[in-house]
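J.: Kindly generate the corresponding structure for this input.
(chains A and B)
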Amino acid sequence: SQELEQSPQSLIVQEGKNLTINCTSSKTLYGLYWYKQKYGEGLIFLMMLQKGGEEKSHEKITAKLDEKKQQSSLHITASQPSHAGIYLCGADTLNTGNQFYFGTGTSLTVIP
Amino acid sequence: DSGVTQTPKHLITATGQRVTLRCSPRSGDLSVYWYQQSLDQGLQFLIQYYNGEERAKGNILERFSAQQFPDLHSELNLSSLELGDSALYFCASSPRASELISYEQYFGPGTRLTVT
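T.: Next up, the predicted model:
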């Protein structure tokens, strides 16, 4: 079955520091999504990547999908307390019944 | 605010009971997805509907069923509830559904179900 592995599981950084979260799949991804979730709340859509080598940025968050479309990274530059939350990567496989999978999440704490 | 609404926000019920969760997608979105999020299982895809028809099925139990109505709102029915069904249930919507192209999903705030 399709599985998405996220690393690290949790991250504690000082405000202003850069950080990277990784999402790895054993299979080729057709669509890779990044979401942010505050505990117990809904998921906020951040970005979607579809093409190998694609990179997207929104404010201080940049996401990349590697050429083989099996790994994605989310990079936050100059982190702020507002970046704190749980970051989830999600993917759909298409062509196999449109299954949707999510990683286990990375909990980010930003210390002021 | 994603534009996806879910009701109720919280639900507490007893084992063996049946509940219905409701979702209204973003205006114009034709596709609705249901997910279950628990501490031990993470976020699990249950089922997808597109324009009233079932499109994809994930880890949905036989005790659970869903439907999407002509006005595109969707309901998730959970019956013979067990303690292990306690979780956050999310609905998401997207503009379309395709086997060739991915579309971003917008999530509702969730319904927290507690089975006692």
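J.: Could you count how many residues lie near residue A:9?
T.: A count of nearby residues for residue A:9, using other C-beta atoms under 10 Å in any protein chain shown, gives 9. Yep, even glycine has a C-beta here, placed from its N, CA and C like the rest.
J.: let me fix that: residue A:53
T.: Residues within reach of residue A:53, counting by other C-beta under 10 Å, total 11.
J.: Look up how far chain B lies from it.
T.: To chain B, residue A:53 is 16 Å away according to C-beta to the nearest C-beta, to the nearest Å.
J.: Lowest average confidence across helices and strands of chain A, where is it?
T.: strand A:100-102 (a mean of 86; mean pLDDT, DSSP states H and E).
J.: how far does that strand sit from the chain's center?
T.: Computed by C-alpha atoms, centre = their mean, to the nearest Å, the separation of strand A:100-102 from the middle of its chain amounts to 12 Å.
J.: Give me the nearest residue to residue A:46, chain neighbours excluded.
T.: Once flanking residues are discounted, residue A:46 sits nearest to residue A:34: 4.3 Å by C-beta to C-beta, 6 or more residues apart in numbering or on different chains.
J.: Correction: the previous question concerned residue B:67.
T.: residue B:75 (5.9 Å).
J.: just checking, the one you found is part of a helix?
T.: No - using DSSP: H, G, I helix; E, B strand; the rest coil, the assignment for residue B:75 is strand, not a helix.
J.: show me what contacts the closest residue to residue B:30 other than its chain neighbours?
T.: The shortest distance from residue B:30 to any non-neighbouring residue, by C-beta to C-beta, 6+ apart, is to residue B:51 (4.7 Å). Taking C-beta atoms under 8 Å, 6 or more residues apart in numbering or on different chains, we find residue B:51 in contact with B:30-31, B:68, B:72.
J.: related to what we said a few turns ago, is chain B contacted by the least confident helix or strand of chain A?
T.: Yes - for strand A:100-102, a contact with chain B is found by C-beta under 8 Å from any C-beta of the partner chain, at A:100-102.
J.: Note down every partner strand of the helix or strand containing the residue nearest to residue A:46 and its orientation.
T.: Per DSSP states H and E: residue A:34 is located in strand A:31-37. Its sheet considered, strand A:31-37 pairs with strand A:43-49 (antiparallel), strand A:85-92 (antiparallel) by DSSP bridges.
J.: chain center to the shortest one, what's the gap?
T.: What separates the centre of strand A:43-49 from the centre of its chain is 8 Å, taken as C-alpha atoms, centre = their mean.
J.: is the spatially most central residue of chain B in a bridge, and if so with what?
T.: Geometric centre of chain B, nearest residue: residue B:34, 2.7 Å, by C-alpha atoms, centre = their mean. Beta-bridge partners for residue B:34, by DSSP bridges, are residue B:47, residue B:91.
J.: What residue in chain A comes nearest to chain B?
T.: Closest to chain B within chain A is residue A:31: 2.4 Å, counting by C-beta to the nearest C-beta.
J.: how deep is that residue tucked in, by neighbour count?
T.: Quick note: residue A:31 (other C-beta under 10 Å) scores 20 neighbours.
J.: Chain A contacts on chain B?
T.: So chain B meets chain A at B:2, B:4, B:33, B:35, B:42-45, B:48, B:55-58, B:88, B:90, B:92, B:97-110, B:112 (C-beta under 8 Å from any C-beta).
J.: Great, nothing more from me.
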